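# mind folding the following:
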Amino acid sequence: MKQIVLKDVFTAIIDDFRDNERWGSAHIYQSALNAFLAFSNNPRFKLKDLSPAVLKHFEQYLRKRNCSWNTVATYMRSLRSAYNRCVDIGRVPYVPRLFEHVHTGARTNIKRALDTSDLKRLLAWIDDGVDDCISPDVRKAGVIFALMFLLRGLPFVDLAFLRKTDLCGNVLVYRRKKTGRLLTVVLPSEAIRLMVEIENRDRRSPYLFSIIGNWEDQEKAYREYQSALRFFNYKLVELGRYLGIGAHLSTYAARHSWATLAYHCEIHPGIISEAMGHSSIAVTETYLKPFQDERIDEANKQIIAFVKR
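Numbering: from 1, shown residues only. Below is the predicted model of the structure:
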């Protein structure tokens with residue numbers, strides 16, 4: 001059996017993603033490959049040489065470089081997917097429980113949602129209009145955050161790639177970039193006002209908002225999106241400091257904040273999942289797990305207090 005080189009497998013997968021314009025997946029697999037090659041210092045590393053020990057050392061390598069547990073899991077899942085593809089076609093032998101002792105799941109004990117008081121403060125600041133004490137870029141970042149929250153936790157990538165044709169009157173119809181699910185959102189009046197503030201006034205552009213300039217080369221457009229994401233998150237941190245918000249303010253926090261408030265309003269997780277366009281309710285539960293744990297802990301306190309009466 002010909003020895004399969006890990007880099008060759010990843011390169012083929014990445015090329016396939018690019019051919020299908022799945023730029024986000026291509027970027028993730030490229031990042032995972034780069035990290036593993038830096039770890040192994042061997043561009044000809046054989047896929048058959050993956051072992052529990054090698055994977056554990058790779059995990060430790062990533063953590064020492066301050067990679068988050070979610071980044072570790074993402075890279076490990078990429079490796080596992082590449083390995084499984086080759087197992088399925090008989091190119092490498094199957095090793096039972098190869099990835100069992102490394103982290104491949106999402107961390108659910110990290111709160112990314114804003115407290116209700118912080119969210120109210122931010123939305124009130126947005127409603128007050130232009131603030132001369134803050135730059136237009138920071139104002140725009142805040143408006144985008146508020147808009148993402150008002151549109152059921154709309155992901156930044158979906159917002160950036162929204163097209164003018166996706167909007168018909170007060171109804172937004174779009175496909176999620178990550179899952180391909182078709183979502184229909186009736187715009188609340190608060191969202192309409194904000195959309196008018198940051199709408200794309202370039203008649204040539206197909207995009208609803210002026211976040212991405214390139215509409216002919218989708219790979220370049222995706223790189224623009226990544227740059228815009230970093231820029232807006234940087235500006236949101238600046239806004240968080242200005243407003244005295246203790247939690248980390250990011251585009252991702254808008255989505256978690258919507259899901260968390262929906263949960264506290266006792267909306268069924270299945271409805272939250274549908275509203276957010278998740279691939280399954282299991283994904284939604286990773287958002288809600290920290291707050292479900294809080295409720296369980298509170299219930300435990302009530303039980304103990306009742307017994308001790």
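# so where's the chain uncertain?
Along the chain, the parts satisfying pLDDT under 70 run over 1-2, 106-111, 279-309.
# can you give me the helices in it?
6-19, 23-40, 52-64, 69-88, 116-127, 136-150, 156-160, 189-198, 218-243, 251-264, 269-276, 281-307 (DSSP state H).
# with mean neighbour count and distance to N170 added, can I get these in CSV?
For the C-beta atoms, the positions are set from N, CA and C on the backbone; glycine is no exception. Shown next, in CSV, are the helices of the chain (neighbours: other C-beta atoms under 10 Å; distance: least, C-beta to C-beta, whole Å):
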stretch, mean neighbour count, distance to N170
helix 6-19, 16, 35
helix 23-40, 18, 29
helix 52-64, 16, 46
helix 69-88, 18, 36
helix 116-127, 16, 19
helix 136-150, 21, 13
helix 156-160, 20, 17
helix 189-198, 15, 7
helix 218-243, 17, 25
helix 251-264, 22, 19
helix 269-276, 17, 17
helix 281-307, 13, 26
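# what about those helices, which gets the closest to R181?
helix 269-276 (9.1 Å; C-beta to C-beta).
# spatially nearest residue to the spatially most central residue of the chain (excluding sequence neighbours)?
Nearest to the geometric centre of the chain sits Y252, at 6.3 Å (C-alpha atoms, centre = their mean). Spatial nearest neighbour of Y252, chain neighbours left out: R112 (5.9 Å); criterion: C-beta to C-beta, 6 or more residues apart in numbering.
# my guess is that neighbour meets H248, correct?
Yes - in this structure, R112 is within contact of H248 by C-beta atoms under 8 Å, at 7.5 Å.
# which one of those two has more residues nearby?
Taking other C-beta atoms under 10 Å, R112 and H248 do not tie; R112 has more neighbours (17 against 14).
# quick revisit: so which of the helices of the chain is nearest K177?
Of all the helices of the chain, helix 156-160 sits nearest to K177, with 4.9 Å by C-beta to C-beta.
# ok now the closest one, how far from the chain's centre?
On the basis of C-alpha atoms, centre = their mean, to the nearest Å, helix 156-160 sits 11 Å off its chain's mean C-alpha point.
# helices or strands next to that helix in the packing?
With contacts taken as 3 or more C-beta pairs under 8 Å, 6 or more residues apart in numbering; DSSP states H and E, helix 156-160 sits against helix 136-150, helix 218-243.
# need those in CSV with distance to R85, can you?
What follows is those, written out as CSV (distance: least, C-beta to C-beta, whole Å):
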stretch, distance to R85
helix 136-150, 35
helix 218-243, 23
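# among the ones you listed, which is nearest L47?
Nearest to L47, of all the helices and strands packed on helix 156-160, is helix 218-243, at 27.1 Å by C-beta to C-beta.
# hmm, back to that, is the residue nearest to the centre of the chain in contact with A113, as I believe?
No - contact between Y252 and A113 fails when scored by C-beta under 8 Å: they sit 9.8 Å apart.
# tell me how far M276 lies from A228.
Distance, M276 to A228, by C-beta to C-beta, to the nearest Å: 21 Å.
# and if you look at V143?
V143 is 14 Å from A228, by C-beta to C-beta.
# cool, and D217?
16 Å.
# follow-up on the earlier one: make TSV out of the helices of the chain and add distance to R97.
Shown next, in TSV, are those (distance: least, C-beta to C-beta, whole Å):
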stretch	distance to R97
helix 6-19	20
helix 23-40	20
helix 52-64	8
helix 69-88	12
helix 116-127	43
helix 136-150	40
helix 156-160	34
helix 189-198	48
helix 218-243	35
helix 251-264	32
helix 269-276	30
helix 281-307	22
